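A.B. asks: this one's structure only:
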């Protein structure tokens, strides 16, 4: 039986962990990773996991840009996990069987960026993670598999990210074999629009929701701080007497001082 040939696109810890899973389980999955695209970005500054280094140590070619996909010989699956660029249809079409993406949010509720922050602001009671078909849109392809879990009332963006990271790894490890074997059902997201909210957020929107109005209710301030305080990224803030005051989860004492 021929091995399924995979091109892997990814970054951050979730990209490293899923990439490593494919390498460690290639015999069981009957697959071979033939190339990698990554920006080698990590959110974990204390224990950086390098997709680039993992690829080179396993003698897997690392491509420099998506256009190099056009020069590859025929391959079966393109798997994207937190890849930082939006692919054009010509890049996606280089996969002979299927191109998929792991999106760390429920769909179609939270397409785009900063999904953890907006989920807390929206006071949702359920979040999730999704494996879906990769198309030329942004997180708009058919849903293949998903996992959902409850959101606590005091959830922070950090705690929600960590929960979603764990659930995303589990979903990938549980369902990637199904995908490689063609054992899945495609659910177009438009079929879910009457049952679920459908939102899209741009990356730059995070800057707008980080500015706190000290005249807001205590509940609203707390919700926006919990939604946007994520070290080492710039924290939420308010402006007092023309001075920018950065806030932490201990914002109550900061606003009083």
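C.D. replies: Yep, that arrived. Quick caveat: nothing in here was measured; it's all calculated off a predicted structure. Residues are numbered from 1 along each chain as shown.
A.B. asks: all helices for the stretch 1-150 of the chain, in order.
C.D. replies: 12-24, 26-29, 51-57, 89-92, 115-121 (DSSP state H, counting those that start in this stretch).
A.B. asks: Give me the buried positions along the second one.
C.D. replies: Spelled out, it's helix 26-29. Of all the residues in helix 26-29, those buried under the rule 16 or more other C-beta atoms under 10 Å are 26, 29. Bear in mind the C-beta positions are built from the backbone N, C-alpha and C, glycine included.
A.B. asks: Check stretch 144-156 too.
C.D. replies: 144, 145, 146, 147, 151, 155, 156.
A.B. asks: Mind pulling up the pLDDT for the second one?
C.D. replies: With respect to pLDDT, residue 145 scores 98.
A.B. asks: and the two most separated of the buried residues of stretch 144-156?
C.D. replies: 144 and 156 (29.5 Å; C-beta to C-beta).
A.B. asks: check contacts around residue 188.
C.D. replies: Residue 188 sits next to 142, 143 when contact means C-beta atoms under 8 Å, 6 or more residues apart in numbering.
A.B. asks: pLDDT weak spots in the stretch 1-150 of the chain?
C.D. replies: 1, 40-48 (pLDDT under 70).
A.B. asks: Mind jotting down where the strands sit in it?
C.D. replies: Taking DSSP state E, counting those that start in this stretch as the test, the strands found in the stretch 1-150 of the chain are 4-10, 31-37, 75-81, 95-103, 110-112, 126-133, 143-150.
A.B. asks: do you know how far the residue positioned nearest the centre of the chain is from residue 119?
C.D. replies: The structure's the chain has its C-alpha centroid closest to residue 104; by C-alpha atoms, centre = their mean the separation is 3.9 Å. To residue 119, residue 104 is 11 Å away according to C-beta to C-beta, to the nearest Å.
A.B. asks: any idea which of the helices of the stretch 1-150 of the chain is most buried?
C.D. replies: helix 115-121 (a mean of 23; mean count of other C-beta atoms under 10 Å).
A.B. asks: Could you tell me how far it lies from the centre of the chain?
C.D. replies: Chain-centre distance of helix 115-121: 13 Å, with C-alpha atoms, centre = their mean, to the nearest Å.
A.B. asks: how many neighbours does residue 202 have?
C.D. replies: For residue 202, the neighbour count with other C-beta atoms under 10 Å is 11.
A.B. asks: try the one 4 residues further on
C.D. replies: Applying other C-beta under 10 Å, we find 20 other residues in the vicinity of residue 206.
A.B. asks: what's the answer for residue 85, then?
C.D. replies: Neighbour tally, residue 85, other C-beta under 10 Å: 13.
A.B. asks: which residues sit in contact with it?
C.D. replies: With C-beta under 8 Å, 6+ apart, residue 85 has these contacts: residue 66.
A.B. asks: let's see 10 Å
C.D. replies: 9, 11, 37, 39, 65, 66, 91 (C-beta atoms under 10 Å, 6 or more residues apart in numbering).
A.B. asks: nearest spatial neighbour of the fifth one, skipping sequence neighbours?
C.D. replies: Taking C-beta to C-beta, 6 or more residues apart in numbering, and ignoring the residues beside it in sequence, residue 65 has residue 37 as its nearest neighbour in space, at 7.7 Å.
A.B. asks: any residues in contact with both of residue 104 and residue 119?
C.D. replies: Both residue 104 and residue 119 are in contact with 110, 127, 128, 160, 164, where contact means C-beta under 10 Å, 6+ apart.
A.B. asks: I'd like to know how far the first one sits from residue 122.
C.D. replies: Relative to residue 122, residue 110 is positioned 9 Å away (criterion: C-beta to C-beta).
A.B. asks: Quickly list what's touching both of the two.
C.D. replies: Shared contacts of residue 110 and residue 122, defined by C-beta under 10 Å, 6+ apart, comprise 197, 199.
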